[in-house]
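A.B. asks: here is the input, now give the coordinates:
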Amino acid sequence: MNYFLIYLFLEVLISVNISSYIGAFATFLEIIFSAIVGFMLLGNFRNTLAQSIKAMQSRTISMQEFQKLNAFILLGALLLIVPGFFSDIVGLFLQFSFFATLFAKKILHVKDDIDIYDTTQYRKKRDDEIIDVEVIDDHTKR
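C.D. replies: So this is what the prediction gives:
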């Protein structure tokens with residue numbers, strides 16, 4: 001609830017300042033333009049999702065990375081559709097994975113538990129099930 005109130009305060013403050021500087025017609029055009037870009041990103045989301053699925057299948061990214069990337073791209077596209085300058089700025093930044101990761105770590109306090117390049121954790125789980133067996137051959141040739 002506190003974050004929502006902070007968001008509303010920043011949205012009104014930034015929108016009023018920018019609108020008074022650029023004028024009503026330019027503000028109207030910006031709202032229309034950002035909504036069109038947001039709808040285009042939503043339309044292109046299935047292609048982005050398909051690329052992320054291929055990257056996950058080739059083990060380039062982990063499942064957590066896959067979820068974060070796609071969730072933030074979708075959230076960014078929705079924020080671009082919502083009228084307002086602050087939501088447009090945040091929505092634009094969320095389209096880039098660097099800013100999305102920074103947003104998740106600093107604002108949402110998400111910790112990076114898994115290093116996607118470190119596969120020793122995966123190997124340990126797989127190696128725990130291996131049973132070491134020594135075979136002794138009783139049949140010797142005489």
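
A.B. asks: quick one: the helices in this structure?
C.D. replies: 2-22, 24-43, 45-57, 63-81, 85-93, 97-106, 120-127 (DSSP state H).

A.B. asks: His139 is nearest to which of those helices?
C.D. replies: helix 120-127 (32.0 Å; C-beta to C-beta). Where you see a C-beta, it was placed from the backbone N, CA and C, and this is true even at glycine.

A.B. asks: with adjacent residues omitted, what lies nearest to Ser19?
C.D. replies: In this structure, Ser19 finds its nearest non-sequential neighbour in Thr27, 4.5 Å apart by C-beta to C-beta, 6 or more residues apart in numbering.

A.B. asks: one step back: most tightly packed of the helices of the chain?
C.D. replies: helix 85-93 (a mean of 20; mean count of other C-beta atoms under 10 Å).

A.B. asks: mean confidence score for that helix?
C.D. replies: Helix 85-93 shows a mean pLDDT of 92 in the predicted model.

A.B. asks: try stretch 1-10
C.D. replies: 90.

A.B. asks: thanks a lot, catch you later.
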